[in-house]
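Student: need a 3D model of the following:
(chains A and B)
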Amino acid sequence: MAHWQFGSKSGHNKIEDELEMTMVCHRPEGLEQLEAQTNFTKRELQVLYRGFKNECPSGVVNEETFKQIYAQFFPHGDASMYAHYLFHAFDTTQTGSVKFEDFVTALSILLRGTVHEKLRWTFNLYDINKDGYINKEEMMDIVKAIYDMMGKYTYPVLKEDTPRQHVDIFFQKMDKNKDGIVTLDEFLESCQEDDNIMRSLQLFQNVM
Amino acid sequence: MAAGVAAWLPFARAAAIGWMPVANCPMPLAPADKNKRQDELIVLNVSGRRFQTWRTTLERYPDTLLGSTEKEFFFNEDTKEYFFDRDPEVFRCVLNFYRTGKLHYPRYECISAYDDELAFYGILPEIIGDCCYEEYKDRKRENAERLMDDNDSENNQESMPSLSFRQTMWRAFENPHTSTLALVFYYVTGFFIAVSVITNVVETVPCGTVPGSKELPCGERYSVAFFCLDTACVMIFTVEYLLRLFAAPSRYRFIRSVMSIIDVVAIMPYYIGLVMTNNEDVSGAFVTLRVFRVFRIFKFSRHSQGLRILGYTLKSCASELGFLLFSLTMAIIIFATVMFYAEKGSSASKFTSIPASFWYTIVTMTTLGYGDMVPKTIAGKIFGSICSLSGVLVIALPVPVIVSNFSRIYHQNQRADKRRAQKKARLARIRVAKTGSSNAYLHSKRNGLLNEALELLGTPEEENMGKTTSLIESQHHHLLHCLEKTTGLSYLVDDPLLSVRTSTIKNHEFIDEQMFEQNCMESSMQNYPSTRSPSLSSHPGLTTTCCSRRSKKTTHLPNSNLPATRLRSMQELSTIHIQGSEQPSLTTSRSSLNLKADDGLRPNCKTSQITTAIISIPTPPALTPEGESRPPPASPGPNTNIPSIASNVVKVSAL
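Tutor: Next up is the predicted model:
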């Protein structure tokens, strides 16, 4: 296939990416294996795969598609940042694309996993640079991304420092030794102490 | 939210777990999934072609037929599938809409068929995807225009009975083919336009010399003759203009229309000339005015459709023409300037100024090349050649657009004309179908009663009575019959061969069976060839009557001489035999329909019978009002003076 010369390098890469995407067609492992690896039944896996394949016929999701799909659920706001973080949380191997196995593994944890697994996954989500610690900047980014999803037209109107206040509250709760970063253990401990969080983790138990 | 993405909702909800630790307040409860049943396959049988899909796929759009409980109406219990008696091709597109969320319009499909299907399935056409939307809209617009055209011309054709004189005149002017007078007027004006134009032309031809003076143009040699011709033409044109002005529905709009302006411009010079002949100063201007007489040729556009189309095309291509003009002007100015400066050096150059060079540029760019101005310097020649090359390009560019516009409009007009021509045939077909169906009804009415008559008589002669009618047809006919009974009227057919003139018979008399059979044998249908329908003639001995088949009420017949039993059996048939001579004569017959007294039939009544009721028959001499079995007649019949027919057995039909 000819390489089209474009002015900007990024455009060139994007086209190549697209070409690669369309040429690559990933097929997931067998149904039995997936059933063994995850907490879903065969039927649920079938339904999940049908939806997955509908939106991503090539068998893998790239970040753009991921963002588009996620943005459809939040039409009023801008869900791209949060989708970005989500994508990197799903893409455990950091390859830049999410295969069906990764997708289903993550979903299995989120919907059918133990509290411990869910909290660990959430910690992984918040830890943007994957260094094992959450610092204030990372938390700010996450919280801002969540607020972005709400959009501009909210009641009460979003004030400038509301995200900062929110992060401060979070750190007050989570950061036990007040050293400015939250480790996994601190996170697990603090969350398990909070009844609200515990209850809300069980909220999506019956989603499938 | 697109349909396919709905499948990702579980994922989005799961990802919400990421917000939980950040949240300050407790979360709302999740909605309980009450109807949690396993997704099942639904079979949709569309005219034999089976489609299968998941139930949840269809439920994505709950406000359509397939997504709501409306489809339960089409559920077939025996085969456990949904059966739709519709077009499977279009259903493919409909089902794909559920699957992919995008509705496509297949190009090969007829637009109205597609619209019908969409309406059936409860899908709004506005959601057609971008890829197919333009095509859909275009086809829809074309169809609507065509229908509008048809309606318009239909409305034009249907002459409103009460058109005022003015309106008739206007119609005659606008559509010459509506009446002979209009056609005559049309040709006369056309002729005079031609005469006027030819006069103008011939006026200037040199006509030979009058001895003693130089050669004169014909106009001056035979000035009186030409003047008379001109006067005649102008008078006709003036009269025409005034008539149009009078007849126009909106005078103000008429005065502003292009055609009326042309008319005015065509006749004004003559009048101005009349007024101004004496004044020498303005005679020059007067001469100029005569130029305007050539505008009379534009009056031909009323007579020629092609000319009108051309004018309309130019109007609609105004922007292209404007562009052409603008680009030409630009090029002319550029090249003229260049040529002027290039030729400035050469001696005795004709390029004396830039405006003077305009002429050279125009002549060169349009590839005319008169040769009255030619560049002499080398630079001038180079630029001159560039000028001519570019001229070809600049002119060639907008021309195809104009041509294609003209072609499109012209073909549209062709299509309109073709439709108008076909419309006549179409309407004739529709008319024939209508009369055919009413004929069929009357036939079957007759045949039905005949059937009953023969059944009762037990004669197996005529097994099949004419054409067999399907169940639907017979039910339809029965319906019409009931309507007739309800209103007391009866269907009339325009066809003289089959005119249904029935009358209510008063004072029926029944004869005995023997006579009836005898009458059956004698076919008197041949006696009335003028009023026979072809199919009936094939049934000799048909006795037809058509009292209501359902009416079992016994008719109380005064003056009836027959024994009651036979009377009643006869009544069932409503075949009424009338003894002519024994009736007391009555003058009035309360018939529901006019009776056509056929004088020609009288002489034949002597010994034969009149069999079919649907054929006009002369009324028997004595008629009294029938009994209660008949609904009150709607229209009083005329007083028919029926001569007494001695010993005549007349079977008449009563409605």
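Student: what residues go with each domain of chain A?
Tutor: As given by the TED database, the domain ranges for chain A are A:39-113, A:130-207.
Student: for residue B:137, which of those is the nearest?
Tutor: Comparing the domains of chain A by their distance to residue B:137 (Cβ to Cβ), the top pick is domain A:39-113, with 26.7 Å. In this view, the C-beta of every residue, glycine as well, is placed from N, C-alpha and C.
Student: show me what the mean pLDDT comes to for the closest one.
Tutor: Domain A:39-113 carries an average pLDDT of 86.
Student: so residue B:45 versus residue B:78, what's the distance?
Tutor: Distance, residue B:45 to residue B:78, by Cβ to Cβ, to the nearest Å: 12 Å.
Student: who has more neighbours, those two?
Tutor: Neighbour count, other Cβ atoms under 10 Å in any protein chain shown: between residue B:45 and residue B:78, residue B:45 has more, with 18 against 6.
Student: roughly how far apart are the more buried one and residue B:27?
Tutor: Residue B:45 sits 46 Å away from residue B:27, taking Cβ to Cβ as the criterion.
Student: picking that back up, pick the most deeply packed of the domains of chain A.
Tutor: Burial among the domains of chain A, expressed as mean neighbours by mean count of other Cβ atoms under 10 Å in any protein chain shown, is greatest for domain A:39-113, which shows a mean of 18.
Student: so how far is that domain from its chain's centroid?
Tutor: Domain A:39-113 has its average C-alpha position 8 Å from the chain's average C-alpha position, going by Cα atoms, centre = their mean, to the nearest Å.
Student: surely residue B:89 is in contact with residue B:109?
Tutor: Yes - under the criterion of Cβ atoms under 8 Å, residue B:89 is in contact with residue B:109, at a separation of 7.1 Å.
Student: can you tell me the helix or strand for the one residue sitting closest to the centre of chain A?
Tutor: Centroid-nearest residue in chain A, with Cα atoms, centre = their mean: residue A:86, separated by 1.8 Å. Element membership of residue A:86, judged by DSSP states H and E, is helix A:80-90.
Student: could you say what helices and strands the next helix or strand after that helix packs with?
Tutor: As assigned by DSSP H and E, the chain's next helix or strand after helix A:80-90 is strand A:97-99. Of the remaining helices and strands, those touching strand A:97-99 by 3 or more Cβ pairs under 8 Å, 6 or more residues apart in numbering or on different chains; DSSP states H and E are strand A:60-62.
Student: which other helices and strands contact the helix or strand that the strand it packs on is followed by?
Tutor: Downstream of strand A:60-62, the next assigned helix or strand under DSSP H and E is helix A:63-72. Identification of packing neighbours for helix A:63-72 by 3+ Cβ pairs under 8 Å, 6+ apart yields helix A:80-90.
Student: residue boundaries of the helices in chain A?
Tutor: Counting by DSSP state H, chain A has helices at residues A:9-23, A:31-37, A:42-55, A:63-72, A:80-90, A:100-112, A:115-126, A:136-150, A:162-174, A:184-193, A:195-201.
Student: residue B:57: which of those helices is closest?
Tutor: Minimum separation from residue B:57 across the helices of chain A (Cβ to Cβ) falls at helix A:42-55, 9.7 Å.
Student: returning to that earlier point: in JSON lines: the helices of chain A, plus distance to residue B:430.
Tutor: Shown next, in JSON lines, are those (distance: least, Cβ to Cβ, whole Å):
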{"stretch": "helix A:9-23", "distance to residue B:430": "56"}
{"stretch": "helix A:31-37", "distance to residue B:430": "63"}
{"stretch": "helix A:42-55", "distance to residue B:430": "50"}
{"stretch": "helix A:63-72", "distance to residue B:430": "53"}
{"stretch": "helix A:80-90", "distance to residue B:430": "62"}
{"stretch": "helix A:100-112", "distance to residue B:430": "62"}
{"stretch": "helix A:115-126", "distance to residue B:430": "73"}
{"stretch": "helix A:136-150", "distance to residue B:430": "63"}
{"stretch": "helix A:162-174", "distance to residue B:430": "74"}
{"stretch": "helix A:184-193", "distance to residue B:430": "80"}
{"stretch": "helix A:195-201", "distance to residue B:430": "72"}
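Student: ok, which of those helices comes nearest residue B:404?
Tutor: Residue B:404 lies closest to helix A:9-23 among the helices of chain A, at 36.7 Å (Cβ to Cβ).
Student: which stretches of the stretch 451-600 of chain B have low pLDDT?
Tutor: Applying pLDDT under 70 to the stretch 451-600 of chain B picks out residues B:451, B:453-469, B:491-600.
Student: residue in it with the shortest distance to chain A?
Tutor: Nearest residue of the stretch 451-600 of chain B to chain A: residue B:472, at 46.9 Å (Cβ to the nearest Cβ).
Student: swap in chain B?
Tutor: When scored by Cβ to the nearest Cβ, chain B has residue B:7 as its residue closest to chain A, at 2.6 Å.
Student: list the contacts for that residue?
Tutor: If a contact means Cβ atoms under 8 Å, 6 or more residues apart in numbering or on different chains, then residue B:7 has A:47, A:50-52, A:54-55 as its contacts.
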